[in-house]
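A.B. asks: mind folding the following:
(one chain, ligands or ions: 2)
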Amino acid sequence: MRTKKIYIAGHRGMVGSAIWRALEKEGYNNLIGKTSSELDLRDQNAVIEFFEKEKPDVVIDAAARVGGILANSNYPYQFLMENMQIQNNLIDSSLKFEVQKFIFLGSSCIYPRLAPQPLKEDYLLSGALEPTNEWYAIAKIAGVKACEAIRKQFGRDYISLMPTNLYGPFDNFDLKTSHVLPAMIRKFHEAKIAGNLPVKLWGSGTPLREFLHVDDLADAVVFALDNTFEDNLYNVGTGKDLPIKELASLVQNVVGHTGKMVWDTSKPDGTPRKLMDVSKMEKVGWSAKISLEEGIQSTYQWFLENQQNFKEVKI
Ligand SMILES: NC(=O)C1=CN([C@@H]2O[C@H](COP(=O)(O)OP(=O)(O)OC[C@H]3O[C@@H](n4cnc5c(N)ncnc54)[C@H](OP(=O)(O)O)[C@@H]3O)[C@@H](O)[C@H]2O)C=CC1
Ligand SMILES: C[C@H]1O[C@H](OP(=O)(O)OP(=O)(O)OC[C@H]2O[C@@H](n3cnc4c(=O)[nH]c(N)nc43)[C@H](O)[C@@H]2O)[C@@H](O)[C@@H](O)C1=O
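C.D. replies: Ligands and ions are numbered 1, 2, ... in the order given. Reported below is the predicted structural model:
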């Protein structure tokens, strides 16, 4: 198994690079990855050619157009179309070229905006989606269903893992396109350095969110690779959430900022709550290990050591 050829699509991203590190640590020694400039996964012919040449045994799909609440609501077409193109090309080529195991990564936003909490896998397609990210969610739902269809029709081990909001090393710290946690680390740090200036945050601060360290997600992916699951869809999270205002206080303390916080209510709140029910993963034997406090501290340390390399992330 350790010698199987594993293609990690999106291996330079936050998630893909964490999966690469975790697989190497576990002794997997036949990993392949391509940057988007070497292989544009939106290009069907290029993807077919790549699969024909490489013939991977396993594919892990961590390539996607990804962004925070504002990027998702400002660029609906890219979030819908690019994600469908990338995943369709990867899934269809995997079927054609006999890939035995495919791990698709979605997101907790696939569940209805007002679904009961915590979110069980069964709530998929039971109600309307959150408008700020319905485009991205629809693409991800199509990916889940494509893997489910292959499983049902062809009996292949294609599964979907649905991570909650992620953070960690190699996150996107560009304030226009990032998610909330890296945005807070950067905003509090820069305000501290400038003399504890006030920090402007988005929305009301009342929505609840759950956060999983990316190394925990990578551990779940390795677990899913090493085991055969009976079903097609599994939530991956901590099963604990907190209000955005509390998250802000946690990050502020870790960074050591002592100024004020200001809430810009012209920016969207997004879904009020999206807490994962993680009992299905727990039943098969996996649970998260890294606490939020510990994860924020190590991510802030990573930010301090790497901030000179950050680039603007354009859409
Ligand atoms: N971040 C989060 O909070 C969450 C993420 N996820 C999911 O995890 C997965 C990875 O996300 P994350 O690591 O955060 O995202 P990143 O933006 O960090 O990484 C995305 C990766 O996708 C690659 N990619 C994007 N477009 C293309 C393309 N056209 N052709 C080839 N490669 C492409 C990029 O390649 P390159 O660097 O070479 O350009 C990059 O390596 C996604 O499926 C996402 O939906 C799920 C829940 C939460
Ligand atoms: C992973 C998930 O990520 C996205 O959903 P989201 O959870 O709403 O994303 P977010 O991390 O950007 O925001 C979380 C909350 O935090 C608030 N907030 C405060 N201040 C800042 C801030 O400075 N930046 C950001 N981005 N948010 C802020 C913000 O207003 C919101 O209430 C999906 O589009 C979709 O891509 C998806 O699947």
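A.B. asks: and the strands in this structure?
C.D. replies: 6-9, 31-32, 58-61, 101-105, 157-163, 165-167, 199-202, 208-209, 211-213, 233-236, 242-243, 261-264 (DSSP state E).
A.B. asks: export the first one as CSV, just CAs?
C.D. replies: Put plainly, it is strand 6-9. The C-alpha trace of strand 6-9 is given here as CSV (Å, rounded to 0.1, in the frame of the first residue of the first chain):
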residue,chain,number,x,y,z
ILE,A,6,-0.8,8.7,-5.0
TYR,A,7,-1.6,11.9,-6.9
ILE,A,8,-2.4,14.8,-4.6
ALA,A,9,-4.2,17.5,-6.7
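A.B. asks: given it, what are its sheet partners and their directions?
C.D. replies: Sheet pairing here is set by DSSP bridges, and for strand 6-9 it gives strand 31-32 (parallel), strand 58-61 (parallel).
A.B. asks: with mean pLDDT and distance to Leu201 added, can I get those in JSON lines?
C.D. replies: Backbone N, C-alpha and C define where each C-beta goes, glycine included. What follows is the strands paired with strand 6-9, written out as JSON lines (pLDDT from 0 to 100; distance: least, CB to CB, whole Å):
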{"stretch": "strand 31-32", "mean pLDDT": "98", "distance to Leu201": "38"}
{"stretch": "strand 58-61", "mean pLDDT": "98", "distance to Leu201": "32"}
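A.B. asks: point out the most buried one among those.
C.D. replies: strand 58-61 (a mean of 26; mean count of other CB atoms under 10 Å).
A.B. asks: how far off centre is that one?
C.D. replies: When distances are taken as CA atoms, centre = their mean, to the nearest Å, strand 58-61 is centred 15 Å away from the chain's centroid.
A.B. asks: that older thread, mind putting the strands of the chain in CSV, distance to Phe173 included?
C.D. replies: Below are the strands of the chain laid out as CSV (distance: least, CB to CB, whole Å):
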stretch, distance to Phe173
strand 6-9, 22
strand 31-32, 26
strand 58-61, 24
strand 101-105, 21
strand 157-163, 19
strand 165-167, 11
strand 199-202, 15
strand 208-209, 18
strand 211-213, 16
strand 233-236, 23
strand 242-243, 21
strand 261-264, 19
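A.B. asks: thinking again about what came up before, who wins for proximity to ligand 1 among the strands paired with strand 6-9?
C.D. replies: strand 58-61 (6.6 Å; CB to the nearest ligand atom).
A.B. asks: tell me if the closest one is near ligand 1.
C.D. replies: No - applying CB under 6 Å from any ligand atom, one finds strand 58-61 separated from ligand 1 by no less than 6.6 Å.
A.B. asks: repeat that for stretch 204-221.
C.D. replies: No - judged by CB under 6 Å from any ligand atom, stretch 204-221 and ligand 1 are separated, with a smallest distance of 7.4 Å.
A.B. asks: residue contacts, whichever residue of the stretch 1-150 of the chain sits closest to ligand 2?
C.D. replies: In the stretch 1-150 of the chain, the residue that lies nearest ligand 2 is Gly68 (2.9 Å; CB to the nearest ligand atom). Neighbour list for Gly68: 177-180, 183 [criterion: CB atoms under 8 Å, 6 or more residues apart in numbering].
A.B. asks: now the two most distant members of these.
C.D. replies: Thr177 and Val180 (12.0 Å; CB to CB).
A.B. asks: can you list the weak-confidence ranges in the protein?
C.D. replies: 1 (pLDDT under 70).
A.B. asks: can you pull out the helices in the stretch 201-315 of the chain?
C.D. replies: For the stretch 201-315 of the chain, the helices defined by DSSP state H, counting those that start in this stretch cover 214-226, 244-255, 279-284, 292-306.
A.B. asks: just name the most buried of those helices.
C.D. replies: Of the helices of the stretch 201-315 of the chain, the one with the most neighbours on average (mean count of other CB under 10 Å) turns out to be helix 214-226, with a mean of 22.
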